[in-house]
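Peer 1: Starting from these lines, generate the structure:
(one chain, ligands or ions: 1)
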Amino acid sequence: MERVIKIGTRGSKLALWQADYVADLLQQKGLQSEIVIIETKGDKILDRSLSKIGSKGVFTEELEDQLRTGGIDIAVHSAKDMQATLPEGFKIIAFTERELVNDVIVSLKDGIDLNNGKEVVLGTSSVRRVAMLKHYYPHVKVVDMRGNLQTRMRKLEEGQCDALVLAYAGVHRMHYEEHITQHLPLDQFTPAAGQGSVAIEVSENLDEAVIKEIRNAVNDKDTEYRLLAERSFLHTLQGGCSIPAFALANLEGSENISITGGLVRLDGSEVIKKTLNGSKEDAERLGDEVAQWILDNGGKELLAEIKQQK
Ligand SMILES: NCc1[nH]cc(CCC(=O)O)c1CC(=O)O
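Peer 2: Below you'll find the model as predicted:
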């Protein structure tokens, strides 16, 4: 293909790492690309929590404008940051191979371990993490910590908290692994839908032949099954990244998939979760069924309560 694929991305270091990663994957299949940096509302507004700005597309809207007008051909996002329901006219065409999906504790101090019962101040701005910390580690104090990974690391250095809760994936991509003091267990601290993979979004008008080539270079089929299940779960819950929802699908053998999804009450007093297994070809239906089960078993009330508290 002669055409140079224009990759749109946010300007944070993590976003740029992801864009470079995708550019490399394209390059390996002989596809040329260039990176176009686009600032989003989520990057500009740093003094309010994300749940207050509004969950809809704070990190994606400006990229979608450029997809629509042809300023860029593809938009690269952390899959986790993407709305479950994309605006009309856009679709995800590929997910990169997923890396470790768990959350980790990052600290510059020795001996930070949430299991030892000692008081510790943790920085996070994720409602899922806050609620889970309250549920599983009630002795922990939480302070709100927004900003990109570098900003959070700076705040950690300044002593605004003892440790951060972060996705392993971002910590790894930014080379902060040496500061990981603990890996949080997946069965308790189940990640957000999509954590650890990078998604490629395009306009539905993009040429089918181009889509095929990009998919062939970037998409990891196993990751795709898992993310389709998790995103379908989120879609049925009608939640973005601002509700304390979690979902993780895993392949079992070569044919099957299991998905666990659920919700945590903001004060940590309750976790509702459900696991279903089935054929990986039914990934989306399974995600939807798990979400339906959650809604029918206290989830509806919990979501209503969460909406009121915000
Ligand atoms: N919400 C911000 C965000 N979006 C994606 C990642 C990490 C990379 C990933 O999960 O793919 C992070 C940082 C974090 O949650 O610690």
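Peer 1: any idea which helix or strand carries the spatially closest residue to His179 that is not a sequence neighbour?
Peer 2: Of all residues not flanking His179 in the chain, Val106 sits nearest, at 4.8 Å (Cβ to Cβ, 6 or more residues apart in numbering). For every residue, glycine as well, the C-beta is placed using N, CA and C. Here Val106 sits within strand 103-107, counting by DSSP states H and E.
Peer 1: Please list the residues of the protein that sit near the ligand.
Peer 2: Contact residues (Cβ under 6 Å from any ligand atom) of the chain with the ligand: 78, 80-81, 166-167, 169-170, 195-196.
Peer 1: Now, these that are in helices?
Peer 2: Members of the residues of the chain next to the ligand lying in helices (criterion: DSSP state H): 169-170.
Peer 1: Can I get the residues of the chain next to the ligand in TSV including pLDDT and distance to Ala15?
Peer 2: TSV is the format used below for the residues of the chain next to the ligand (pLDDT from 0 to 100; distance: Cβ to Cβ, whole Å):
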residue	pLDDT	distance to Ala15
Ser78	95	8
Lys80	94	13
Asp81	89	9
Leu166	97	15
Ala167	97	14
Ala169	98	13
Gly170	97	10
Gln195	97	15
Gly196	98	15
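Peer 1: Tell me what the residue of the stretch 1-150 of the chain found nearest the ligand is bridged to.
Peer 2: Using Cβ to the nearest ligand atom, the closest approach of the stretch 1-150 of the chain to the ligand is made by Ser78 at 3.4 Å. Legend: beta-bridge partners of Ser78 under DSSP bridges are Val198.
Peer 1: residues in contact with it?
Peer 2: 14-15, 18, 169-170, 194, 197-199 (Cβ atoms under 8 Å, 6 or more residues apart in numbering).
Peer 1: Residue ranges in the stretch 151-300 of the chain under the pLDDT threshold?
Peer 2: Along the stretch 151-300 of the chain, segments meeting pLDDT under 70 span 239-241.
Peer 1: Buried residues, stretch 147-157. List them.
Peer 2: Using 16 or more other Cβ atoms under 10 Å as the test for burial, stretch 147-157 gives 148-149, 152-153, 155-156.
Peer 1: Nearest to Leu266 among those residues?
Peer 2: Using Cβ to Cβ, Arg152 comes nearest to Leu266 of the buried residues of stretch 147-157, at 21.4 Å.
Peer 1: Help me confirm that the closest one comes into contact with Ala163.
Peer 2: No - using Cβ atoms under 8 Å, Arg152 is not in contact with Ala163, being 10.7 Å away.
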